[in-house]
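Participant: sequence plus the predicted model coming up.
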2 protein chains.
Amino acid sequence: MQLEQPTGTVFVQTTLKVLGGKWKLLILWYLKDEPKRFSELKRSIPDITEKMLMQQLRELEKDEIIVRNVRSTVPLKVEYSFSDYGTTIIPVLTPLCDWGKEHLQRINS
Amino acid sequence: MQLEQPTGTVFVQTTLKVLGGKWKLLILWYLKDEPKRFSELKRSIPDITEKMLMQQLRELEKDEIIVRNVRSTVPLKVEYSFSDYGTTIIPVLTPLCDWGKEHLQRINS
DNA sequence: AATAACACTTACAAAAAAGTAAGTACTTTC
DNA sequence: GAAAGTACTTACTTTTTTGTAAGTGTTATT
């Protein structure tokens, strides 16, 4: 009785589960250079609703890509930033971005 | 009156539009080494319905990632394979796979 | 004292993606 | 000549994802 090992197909789909959907890549893109607060993210991505932003942040947090940092300062601030583990996904983002750029140029011609 | 240039956020989302969804990465993974016929793909991915397989193949074709080749042999055969342009997406697939593999190990521990 | 900002939460609705189940037209094998 | 394979197509339903719109409790500003 031997268990099947996961294959490449499983691996690519796993990544899509973490990065997929309409907003996650967008959020990560804005977060990758510096931590951002909830309201800053909302301003960076005006089309996202607060509900969606919240939901996607929570999921990225559960997947340990980002961390939520509450600063109990006078006006309470909540900052989201890449976790150490989360930064391992940046080498995925970069080729994704590069290809998208080429593809955009291609379809606009 | 100046038009805004697309940014990195637009680029990553463009790629997701082409690769996103439940099946496309899976299909491309099976296609990347050798051309496959419709029925071969269906056998490789038993869970996909014929409708979904057809739909996703058509979309990948429209995005010019794959090509559809009808061989007018005695039993008519239709082969799907990466286009030359389509192969430019393989450097995206590879990091996607690598990260997924690491992540799977991580969440299973 | 009213208004606004912050970081959310909730109930509900609409839209998009995926699945079900059947059928088509043709060919080959038993 | 019945059954099975190939490459699809269609109508319809279910599920998943996303959006709408309002509200909460706290603090800061005018």
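Facilitator: Good, I have the coordinates. Because the structure is predicted, anything quoted here is derived from the model rather than measured. Numbers count the residues shown, from 1 in each chain, chains lettered A, B, ... in the order given.

Participant: contacts, neighbours, all on C-alpha from now
Facilitator: OK.

Participant: contacts only, for the residue nearest to A:T14 when sequence neighbours are not counted.
Facilitator: Spatially, and ignoring its direct neighbours in sequence, A:T14 is nearest to B:G100 (5.2 Å; Cα to Cα, 6 or more residues apart in numbering or on different chains). With Cα atoms under 8 Å, 6 or more residues apart in numbering or on different chains as the criterion, the residues that contact B:G100 are A:10-15.

Participant: where's B:G100, which helix or strand?
Facilitator: B:G100 belongs to helix B:90-107 when elements are defined using DSSP states H and E.

Participant: per-residue confidence averaged over that helix?
Facilitator: With pLDDT averaged residue by residue, helix B:90-107 scores 94.

Participant: that one vs helix A:90-107, what angle?
Facilitator: Direction vectors for helix B:90-107 and helix A:90-107, defined by axes from the mean of the first three to the mean of the last three Cα atoms, to 10 degrees, enclose an angle of 150 degrees.

Participant: could you verify that A:D84 is part of a strand?
Facilitator: No. Remark: A:D84 does not belong to a strand; assigned using DSSP: H, G, I helix; E, B strand; the rest coil, it is coil.

Participant: how far away is it from DNA strand C?
Facilitator: In this structure, A:D84 and DNA strand C are separated by 20 Å, where distance is defined by Cα to the nearest atom of the strand, to the nearest Å.

Participant: how many other residues sit next to that residue?
Facilitator: The local packing count at A:D84 equals 12, with neighbours defined by other Cα atoms under 10 Å in any protein chain shown.
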